[in-house]
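S.K.: Next input, structure requested:
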Amino acid sequence: MNKIISSIAIGMLSVTILSSCQQEKKLPFYGERYAETIKDAAGVEKIDTVYQTIPNWAFLNQDSVLTTNKATDGKVYVADFFFTSCSTICPTMHRNLMTVYNDFKTNPDVMFVSHTIDFKYDKPSVLKKYAQKLGVDNAKWQFLYGSKDSVYTLAEKNYLVAVGEDSTAKDGYIHQGYLVLIDKDRRIRGAYDGTKEDQVEQLKKDIPVLLAEYKK
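M.R.: Residues are numbered from 1 along each chain as shown. Got it, this is the predicted structure:
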């Protein structure tokens, strides 16, 4: 009997430890970071780590409405860079991202932001048709248009995604197909290849983990 009780106790302890580990799981931080000396509430100085964040931005969305970072402030969101006439990775990338959107479309703490890199053709009206064809008809997924300099700088310097014009490329542009996960404090917490289903599935698993960090 004592052996049975001991086995049950050990089993319960294992479950408790496993549950605790799952609850404490946190996603990594991406990008630059630096140490900063701050004072806590008691006035005691301590060293804190400051992580790279996404700066303020302002672009026109698919409804020709000026949209800023205020739309995503205080939310977890997924960002990517694409263009509507892309015939290589974009169709697969957004088809996969659509499955993530469908999983979280009723969650008010999650948003999606897609920046076009085709500043010549992808005006808001074109983005609107693209969104409708994809099946997006609300503000939860924003398709954004801006100048070349503003979008390209944001992509490469802040989201750490390579983009560019390339006359030798099939569609005239090149870009990485990363789906970038941003936390409520504008920090990069994950990057997933949108053309690979296993990485998209991992994104689906990581979003709840990130949301859980803000419930403590």
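
S.K.: contacts and neighbour counts: CA atoms only from here.
M.R.: Noted.

S.K.: For residue 70, give its distance to residue 189.
M.R.: Distance from residue 70 to residue 189, counting by CA to CA, to the nearest Å: 19 Å.

S.K.: Compare neighbour counts for the two and give me the winner.
M.R.: residue 189 (19 against 11; other CA atoms under 10 Å).

S.K.: All the helices of this protein, residue numbers only.
M.R.: Secondary structure of the chain by DSSP state H: the helices cover 2-24, 90-104, 124-134, 148-153, 197-213.

S.K.: shaky segments in this protein?
M.R.: The chain contains residues with pLDDT under 70 at 1-23, 216.

S.K.: hmm, try it at 90
M.R.: Low-confidence segments of the chain, defined by pLDDT under 90: 1-25, 33-50, 216.

S.K.: Residue 65: neighbouring residues, count only.
M.R.: 11.

S.K.: Ignore what I typed, I meant residue 100.
M.R.: Neighbours of residue 100 (other CA under 10 Å): 19.

S.K.: and it, what does it touch?
M.R.: 200, 203-204 (CA atoms under 8 Å, 6 or more residues apart in numbering).

S.K.: Could you rerun that using 7 Å?
M.R.: Residue 100 makes contacts with residue 204, as judged by CA atoms under 7 Å, 6 or more residues apart in numbering.

S.K.: Would you mind measuring from it to residue 47?
M.R.: 37 Å.

S.K.: do residue 199 as well
M.R.: Computed with CA to CA, the distance linking residue 199 and residue 47 is 34 Å.

S.K.: Looking at the two, which is more packed in?
M.R.: Legend: neighbour count by other CA under 10 Å for residue 199 and residue 47, higher for residue 199 (17 against 10).

S.K.: Hmm, that one is touching residue 192, no?
M.R.: Yes. Assessed by CA atoms under 7 Å, residue 199 is found in contact with residue 192 at 5.5 Å.

S.K.: Quick check: closest non-adjacent residue to residue 64.
M.R.: Leaving out its chain neighbours, the residue that sits closest to residue 64 by CA to CA, 6 or more residues apart in numbering is residue 124, at 5.4 Å.

S.K.: residues near the nearest residue to residue 128 once chain neighbours are set aside, how many?
M.R.: Spatially, and ignoring its direct neighbours in sequence, residue 128 is nearest to residue 62 (4.6 Å; CA to CA, 6+ apart). For residue 62, the neighbour count with other CA under 10 Å is 25.

S.K.: With residue 72 instead?
M.R.: Counted with other CA under 10 Å, residues neighbouring residue 72 total 23.

S.K.: Who are the contact partners of it?
M.R.: residue 111.

S.K.: do you know how far it is from residue 126?
M.R.: Remark: distance between residue 72 and residue 126 (CA to CA) = 23 Å.

S.K.: same thing with residue 83?
M.R.: Distance from residue 83 to residue 126, by CA to CA: 10 Å.

S.K.: next one: residue 187
M.R.: Distance of residue 187 to residue 126, given as CA to CA: 30 Å.

S.K.: Looking at these two, which is more packed in?
M.R.: residue 187 (21 against 15).

S.K.: List the contacts of that one.
M.R.: 51-54.

S.K.: Closest one to residue 158 out of those residues, please.
M.R.: Proximity of the contacts of residue 187 to residue 158 (CA to CA) peaks at residue 54, which lies at 5.8 Å.
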